[in-house]
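Q: here is my input, please return the structure:
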Amino acid sequence: MSEAEPSSMSTIPVAAGSDSVNGASVSDSEFAERIIRRLKPRNLQEVFDKAASTSRLGGMLITLMVAVWWLGIYSQDDNMSQGISVFFGLNFGQVAFAVMILSLLSAILTEFSRDMGKIFPSTAAGGMLILAGLYVVEPLIGSFVATGDLSTADGLWRTVRLGALWGGMSMGSNLLVNAMLLNWLIRFIDSNDYEFTGMPDASPSSEAIIDKTE
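A: Below you'll find the predicted structure:
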């Protein structure tokens, strides 16, 4: 089923002008429907399983990136006074931390704006991604400049480490956001007394169906 096609969130129709269905707002029902269509859980048990597994993997990745920052950058013998960034004058250690924060925030804003349909968070996320990308490639580019104080090998090594932080934090953040969305879906189904019976298979024509229990 394409994004433009409606799916059967509830077997009870919504009257014109109504803003709720059996205690659940229409916006919440549509939000739950978008989560189901994107993450494609086949049943309620898989919602629980995916929430647990994505949360675990996301936490593992973010913890690993913190370890990479600590062992691969903070504890190394890098001369932090060399290769000062032209963006806000940050040294290498500060740049690495900024890349982690920018990757985390941009991933969170991107994932939430995708399901909530908000423009501003996605715009802010795009700017953060650009700045993080500039920080990542800056050491390598700076090492090719005649006035640069980094060797090509040092610039490449810094870029590799920053790129690892950027990719790992982005992936970990995406997983954690998906876990939070699935956790919200679980609470929504439980609090509104719905039974998730949709997504029987992974085919594009599958419909997400949540029925109201009697």
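Q: ok, D149 to G142 distance?
A: 8 Å (C-beta to C-beta, to the nearest Å). Quick note: C-beta positions are derived from backbone N, CA and C, even for glycine.
Q: again, but for S151
A: If you go by C-beta to C-beta, the gap between S151 and G142 works out to 11 Å.
Q: more neighbours: which of these two?
A: For S151 against G142, the residue with the higher neighbour count under other C-beta atoms under 10 Å is G142, and the figures read 21 against 11.
Q: which residues do D149 and G142 both contact?
A: Contact criterion C-beta atoms under 8 Å, 6 or more residues apart in numbering; residues shared by D149 and G142: G83.
Q: for this structure, longest helix please?
A: helix 152-191 (DSSP state H).
Q: buried ones in that helix?
A: Along helix 152-191, the positions that meet the burial threshold by neighbour count (16 or more other C-beta atoms under 10 Å) are 154-155, 157-159, 161-166, 168-185, 188-189.
Q: over to stretch 70-90?
A: The neighbour-count criterion (16+ other C-beta under 10 Å) identifies G72, I73, D78, M80, Q82, G83, I84, S85, L90 as the buried residues of stretch 70-90.
Q: which secondary structure elements does the longest helix of the chain sit against?
A: helix 26-39, helix 44-69, helix 92-116, helix 119-144, strand 194-196 (3 or more C-beta pairs under 8 Å, 6 or more residues apart in numbering; DSSP states H and E).
Q: and the angle from it to helix 44-69?
A: Using axes from the mean of the first three to the mean of the last three C-alpha atoms, to 10 degrees, the direction of helix 152-191 lies 150 degrees away from that of helix 44-69.
Q: centroid residue for the chain?
A: For the chain, the residue sitting closest to the mean C-alpha position, by C-alpha atoms, centre = their mean, is N174 at 2.5 Å.
Q: hmm, A107 and that one touching each other?
A: Yes - counting by C-beta atoms under 8 Å, N174 does reach A107; the two are 5.1 Å apart.
Q: circling back to that earlier point, least confident of the helices and strands packed on helix 152-191, on average?
A: Mean pLDDT is lowest for strand 194-196 out of the helices and strands packed on helix 152-191, coming in at a mean of 70.
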